[in-house]
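[1] below: sequence and its predicted model.
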Amino acid sequence: MKNLLKLKELTPIDKLVIITIQDNTVFDECIMTSQDIANSIGLSRKKTLDSIQKLEELDYITCKVEASFRSRKTKITQRLLNLIKE
């Protein structure tokens, strides 16, 4: 976790989003919506979505959104797991 906090490419918001996703992961998936994540860390949905998109682009998380069920399944990638475990 210490290495995650040292990453200069991530903003404090990005780090909070990662920690929230990690804390709410069950069976390798976090099923919180972007609004749920935003509410849990006190951010706007827009800032949360921007952070989620950035984390996907950096290959730290993967997201699958099912619009018909209004759900989001987020997984932490192996790249991020390696950083957290070091």
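    Structure's in. What do you need? Numbering: from 1, shown residues only.
[2] so which strand or helix has Asn3?
    In this assignment (DSSP states H and E), Asn3 forms part of helix 2-6.
[3] following that helix, which helix or strand comes up?
    Next in sequence after helix 2-6, counting helices and strands by DSSP H and E, comes helix 12-23.
[4] then that following helix to PDB, C-alphas only?
    What follows is helix 12-23, C-alpha atoms only, in PDB (Å, rounded to 0.1, in the frame of the first residue of the first chain):
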ATOM      1  CA  PRO A  12      -5.200  12.000  -4.000                       C
ATOM      2  CA  ILE A  13      -8.700  11.500  -5.500                       C
ATOM      3  CA  ASP A  14      -7.400   8.600  -7.700                       C
ATOM      4  CA  LYS A  15      -5.800   7.000  -4.600                       C
ATOM      5  CA  LEU A  16      -9.100   7.400  -2.600                       C
ATOM      6  CA  VAL A  17     -11.000   5.800  -5.500                       C
ATOM      7  CA  ILE A  18      -8.600   2.800  -5.600                       C
ATOM      8  CA  ILE A  19      -8.700   2.400  -1.800                       C
ATOM      9  CA  THR A  20     -12.600   2.500  -1.900                       C
ATOM     10  CA  ILE A  21     -12.700  -0.100  -4.700                       C
ATOM     11  CA  GLN A  22     -10.200  -2.300  -2.900                       C
ATOM     12  CA  ASP A  23     -12.100  -2.100   0.400                       C
END
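[5] quick one: it to chain centroid distance?
    Offset of helix 12-23 from its chain centre (CA atoms, centre = their mean, to the nearest Å): 6 Å.
[6] please renumber so the chain begins at 413
    From this message on, residue numbering opens at 413, which makes the last subject helix 424-435.
[7] which residues sit against it?
    Residues outside helix 424-435 that contact it (CB atoms under 8 Å, 6 or more residues apart in numbering) are 416-417, 419, 422, 442, 444, 449, 452-453, 455, 459-460, 463-464, 466-467, 472-473, 486, 488, 492, 496. Where you see a C-beta, it was placed from the backbone N, CA and C, and this is true even at glycine.
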